[in-house]
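Participant: my questions are about this predicted structure, shown below with the sequence.
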Amino acid sequence: MLMKSFGRYILFLGSLFVRRETFMTYYKLVFEECVQIGVRSIFLFVLVSTFMGAVTTVQTAYNMVSPLIPRFVISQVVREMTILELAPTIMAIIFAGKVGSSMAGGLGTMRITEQIDALEVMGINSASYLVLPKIVASLLMYPLLVIVSGVCALLGGYLVGTLTGVLTPTEYVQGIRFGFQEFGVSFALIKSFVFAFLISSISSFKGYYTQGGALEVGISSTQAVTSSVIAVLLADYFLAELLLS
């Protein structure tokens, strides 16, 4: 059953590039999806990542009680956690829950109301017309959301760390800059592209092949989030082994 679904998923991806529409058609659709996926998710990403950075700072400071450890190490730990995991991976799970479920629910509703069948009757490749713009928009917007998330997490840590007296602004900035490796940012962006593709394609696949009624639309949305999260976690492990080992 699993291999059958995987094979169907691969065939589904291949069908996205058959009988494509004109460039201007995709340009308009991708722009609309960018607004839906990216702009309408900014507030949630800013809110979650800011509090995530603040909590990480407080908890790191609570556990580093040794006088032998300089206090700027707190912000260094926050930086590494934010760049490597919190911004790209944890936010991917939130992205799957918000955007992925919306994709699956929207396509599932179109399937059960026969709107997808109507597109096929008109000679339009419904998979390419409906799904390809979602994947392209996710590839464009999610890395930007990850960058915003990383900045907000570090800013949240700075505000909480300095306002509570855990460490001074100079110490926080020193920790952010100490031993910084540029590849960490590249690694986070690589992961964001992979996660965006997995979430958008899997969610669209689950929604596109919905069968039944309104109940099955909800089931497809749940399956889309579950499958996307599992795929993200597996990809996170393999990318870490491949790029960091």
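Facilitator: The structure has been received and is ready for your questions.
Participant: and residue 124, which of the three is it?
Facilitator: coil (DSSP: H, G, I helix; E, B strand; the rest coil).
Participant: same deal with residue 77?
Facilitator: Going by three-state DSSP: residue 77 is helix.
Participant: residue contacts, it?
Facilitator: 56, 60, 175 (C-beta atoms under 8 Å, 6 or more residues apart in numbering). Glycine gets a C-beta too; all of them are placed from N, C-alpha and C.
Participant: make TSV from the residues you listed and add secondary structure to it.
Facilitator: Shown next, in TSV, are these (three-state DSSP):
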residue	secondary structure
56	helix
60	helix
175	helix
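Participant: so which of those comes closest to residue 7?
Facilitator: residue 56 (41.0 Å; C-beta to C-beta).
Participant: what distance do you get for the residue nearest to the closest one when sequence neighbours are not counted to residue 93?
Facilitator: Excluding the flanking residues, the one nearest residue 56 by C-beta to C-beta, 6 or more residues apart in numbering is residue 78, at 5.1 Å. Plainly put, residue 78 is 19 Å away from residue 93 if you go by C-beta to C-beta, to the nearest Å.
Participant: and what of residue 136?
Facilitator: 22 Å.
Participant: same check, this time on residue 200
Facilitator: Taken as C-beta to C-beta, the span from residue 200 to residue 93 is 14 Å.
Participant: for the residue nearest the centre of the chain, which residues are in contact?
Facilitator: Centroid check for the chain by C-alpha atoms, centre = their mean gives residue 92 as the closest residue, at 3.1 Å. Neighbour list for residue 92: 142, 191-192, 195-196, 199, 232 [criterion: C-beta under 8 Å, 6+ apart].
Participant: let's see that with 7 Å instead.
Facilitator: Residues in contact with residue 92 (C-beta atoms under 7 Å, 6 or more residues apart in numbering) are 195, 199, 232.
Participant: which members of the residues you listed occur in strands, if any?
Facilitator: With DSSP state E as the criterion, strands contain none of the contacts of residue 92.
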